[in-house]
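Participant: Here is a sequence together with a model predicted from it:
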Amino acid sequence: MGDWVSVEGDAALVEGETLAVDMDGVPVLLARQGGCIFAMENRCSHDGSELNGSQLEEGVLVCPHHGAKFALKNGEALCAPAYEPLTMFAVRVEGGVIQIQDDRW
Ligand code: FES
């Protein structure tokens with residue numbers, strides 16, 4: 001199990017929005033929906049572009065570049081042009097701070 005890395009204050013991530021953060025050099029996109037926080041590598045599996053500016057639908061993140069959709073719960077690619085899942089990370093809030101588990105190893 002990887003270490004937990006503090007990335008941002010909980011208040012900085014608004015319901016229904018996304019936020020790009022850095023996890024020890026790894027670009028990560030946070031998303032909050034339905035009171036839950038999701039964390040994924042900030043890199044679309046379609047062509048590697050950053051996911052900044054993605055829109056959230058019910059349980060789904062929509063890439064701003066070519067419209068691929070991914071399940072927030074597990075990163076699964078739901079429609080073309082993406083076919084591979086996003087890399088997801090475990091996330092928690094401790095003492096008002098969002099932490100991501102660095103499980104790259
Ligand atoms: S870069 Fe995300 S759908 Fe093309």
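Facilitator: Now that the structure is in, tell me what you want to look at.

Participant: Within range of the ligand, give me the residues from the protein.
Facilitator: Applying C-beta under 6 Å from any ligand atom, we find that the chain lies next to the ligand at Cys44, His46, Asp47, Ser49, Cys63, His65, His66, Ala68, Pro81, Ala82. C-betas here are computed from N, CA, C, even on glycine.

Participant: where does the chain dip in pLDDT?
Facilitator: In the prediction, the chain carries residues with pLDDT under 70 at positions 105.

Participant: try it again with 80
Facilitator: Low-confidence segments of the chain (pLDDT under 80): 1, 104-105.

Participant: Look up phi and psi at the residue of it positioned farthest from its centre.
Facilitator: The C-alpha centroid of the chain is most remote from Gly95, which lies 20.6 Å away (C-alpha atoms, centre = their mean). For Gly95, the backbone dihedrals are phi 60, psi 40 (criterion: degrees, to the nearest 10).

Participant: Reformat the residues of the chain next to the ligand as CSV; add distance to Gly75, neighbour count and secondary structure.
Facilitator: Shown next, in CSV, are the residues of the chain next to the ligand (distance: C-beta to C-beta, whole Å; neighbours: other C-beta atoms under 10 Å; DSSP: H, G, I helix; E, B strand; the rest coil):
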residue, distance to Gly75, neighbour count, secondary structure
Cys44, 11, 25, coil
His46, 13, 18, coil
Asp47, 16, 12, coil
Ser49, 16, 13, coil
Cys63, 12, 23, coil
His65, 17, 16, coil
His66, 17, 13, coil
Ala68, 11, 24, coil
Pro81, 16, 14, coil
Ala82, 10, 21, coil
